[in-house]
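A.B. asks: kindly return the folded structure for what I paste below:
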Amino acid sequence: MMSEEKVEKVDDSSKRKKILAWFLDLLKGALVGLSSNIPGGSGGTTALIVGIYDRLINAVASLIKHFKESFLILLPIGIGVIGGFAATIKPMELAMGNIPFGISCVFVGLILGTSPILINKVKGPVKISGIIPFIIGLGLMIGLCFVPGMAQFDLSKVTVGAIFMTLAMGIVASFALIIPGVSGAMLLFVFGFYNPILGVLNDFIKYHNNMGLDVIFIIVFVVGVLVGFFGASKAMKFLLTKYSYQTYMGICGFVLGSIFSIFYPFIVSKDTTGRFVNGLYPSTLNMNMHIVLGVILLVVISVGLFFLTRWAQKKKETSVKEDETR
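C.D. replies: Numbers count the residues shown, from 1 in each chain. Modelled structure (predicted):
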């Protein structure tokens with residue numbers, strides 16, 4: 001039998017691991033929030049990259065049935081997402097205004113560098129049943145680039161139409177947290193809602209010119225995000241349970257397509273959705289330096305994360321084998 005001292009040591013070690021895991025989930029949630037604020041970036045992709053995607057989907061889908069357990073899983077992630085998004089509004093505004101190509105390369109580097117995680121989900125022979133959802137996901141993300149941006153929404157006053165569209169746009173934005181590869185920020189750009197809602201958030205946080213109006217639209221938008229988030233989570237849990245291979249192949253298509261959508265403005269030398277207020281290559285650097293900076297960031301981040309991800313996977317596999325032999 002274990003002595004009381006050994007039992008206490010085991011309990012202390014368990015508590016420390018739980019506390020560390022809580023803060024790690026908080027950090028991972030912050031990264032999801034950060035990526036959700038990048039036009040072309042996807043919160044769902046980041047959740048997959050940092051290893052919380054499956055837990056997130058299962059917890060949201062089971063929230064009513066297993067409330068306490070699911071809530072404790074979602075709490076640090078949710079706090080991190082909100083904190084990460086809010087904390088990066090100003091930095092992202094500066095980055096998008098000064099080094100848009102560089103920040104685009106950063107996110108593509110994150111996707112390429114962590115590709116082993118996604119590829120590992122679809123190991124084995126390629127099947128026709130997987131090729132179809134892959135092509136659909138790829139086609140939707142590429143096709144989205146050719147949809148002309150709509151007129152900007154008017155959020156200067158509360159109307160039935162403005163409330164309804166804000167709710168609908170919240171639901172649309174929530175898809176980015178659930179479907180890897182889909183960029184909520186880019187969808188909002190296409191629908192002409194990104195700049196208006198960002199203006200509301202900026203006024204609420206920084207200027208305080210019309211707090212009552214800001215609060216109304218923020219609450220309605222958040223409600224829309226929650227409605228879409230829970231609905232889409234249920235659907236994704238079903239798909240991952242019943243059609244795991246096909247679903248992950250579709251996700252691969254979305255993710256690959258998102259790389260194209262991120263670089264599309266630079267490919268055609270035109271910002272079709274008004275993502276970059278100061279143009280594709282702002283005067284902070286000359287065009288060649290923008291490209292050099294972007295390429296360096298892309299290579300360093302993708303190569304560094306690729307080897308880090310492979311190392312983490314091997315370590316995890318070794319740990320599983322050791323557990324099996326005990």
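A.B. asks: mind jotting down where the helices sit in the stretch 51-200 of the chain?
C.D. replies: Along the stretch 51-200 of the chain, counting by DSSP state H, counting those that start in this stretch, helices occupy 53-61, 67-87, 89-98, 100-113, 115-121, 128-144, 160-178, 184-190, 194-202.
A.B. asks: how far off helix 89-98 does the fourth one point, in degrees?
C.D. replies: This points to helix 100-113. Note on geometry: by axes from the mean of the first three to the mean of the last three C-alpha atoms, to 10 degrees, helix 100-113 and helix 89-98 are set 110 degrees apart in direction.
A.B. asks: hey, least reliable of the helices of the stretch 51-200 of the chain by pLDDT?
C.D. replies: Confidence, taken as mean pLDDT, is least for helix 184-190 of the helices of the stretch 51-200 of the chain (a mean of 72).
A.B. asks: how about the helices of the stretch 51-200 of the chain in CSV, adding distance to P282?
C.D. replies: To be clear about C-beta, it is placed using only N, CA and C from the backbone, and glycine gets the same treatment. Formatted as CSV, these follow (distance: least, C-beta to C-beta, whole Å):
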stretch, distance to P282
helix 53-61, 34
helix 67-87, 23
helix 89-98, 6
helix 100-113, 7
helix 115-121, 30
helix 128-144, 25
helix 160-178, 26
helix 184-190, 18
helix 194-202, 17
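A.B. asks: grab the nearest non-local neighbour of the most centrally placed residue in the chain.
C.D. replies: Centroid-nearest residue in the chain, with C-alpha atoms, centre = their mean: G43, separated by 0.7 Å. In this structure, G43 finds its nearest non-sequential neighbour in S36, 3.9 Å apart by C-beta to C-beta, 6 or more residues apart in numbering.
A.B. asks: the one you found: neighbour count?
C.D. replies: 24 (other C-beta atoms under 10 Å).
A.B. asks: what are the buried residues along the helix or strand where Q246 lies?
C.D. replies: Following DSSP states H and E, one finds Q246 within helix 244-268. Neighbour-count burial for helix 244-268 flags 245-266 (criterion: 16 or more other C-beta atoms under 10 Å).
A.B. asks: relative to helix 53-61, how tilted is it?
C.D. replies: Using the same axes, to 10 degrees: helix 244-268 against helix 53-61 is 110 degrees.
A.B. asks: what's the first helix or strand after helix 244-268?
C.D. replies: Using DSSP H and E, the first helix or strand after helix 244-268 is helix 287-325.
A.B. asks: run through who's touching stretch 199-208.
C.D. replies: 86, 89-90, 155, 209-211, 213-215, 217-218 (C-beta atoms under 8 Å, 6 or more residues apart in numbering).
A.B. asks: go with 10 Å
C.D. replies: The contact list for stretch 199-208 (C-beta atoms under 10 Å, 6 or more residues apart in numbering) reads 85-86, 89-90, 93, 152, 155-156, 166, 209-211, 213-218, 221.
A.B. asks: next: stretch 125-140.
C.D. replies: By C-beta under 10 Å, 6+ apart, stretch 125-140 touches 122, 124, 179-182, 239, 243, 245-258, 260-261.
A.B. asks: mind redoing it with 7 Å?
C.D. replies: 122, 181, 245-246, 249-254, 256-257 (C-beta atoms under 7 Å, 6 or more residues apart in numbering).
A.B. asks: which other helices and strands contact the helix holding Q246?
C.D. replies: The contact analysis (3 or more C-beta pairs under 7 Å, 6 or more residues apart in numbering; DSSP states H and E) places helix 244-268 against helix 100-113, helix 115-121, helix 128-144.
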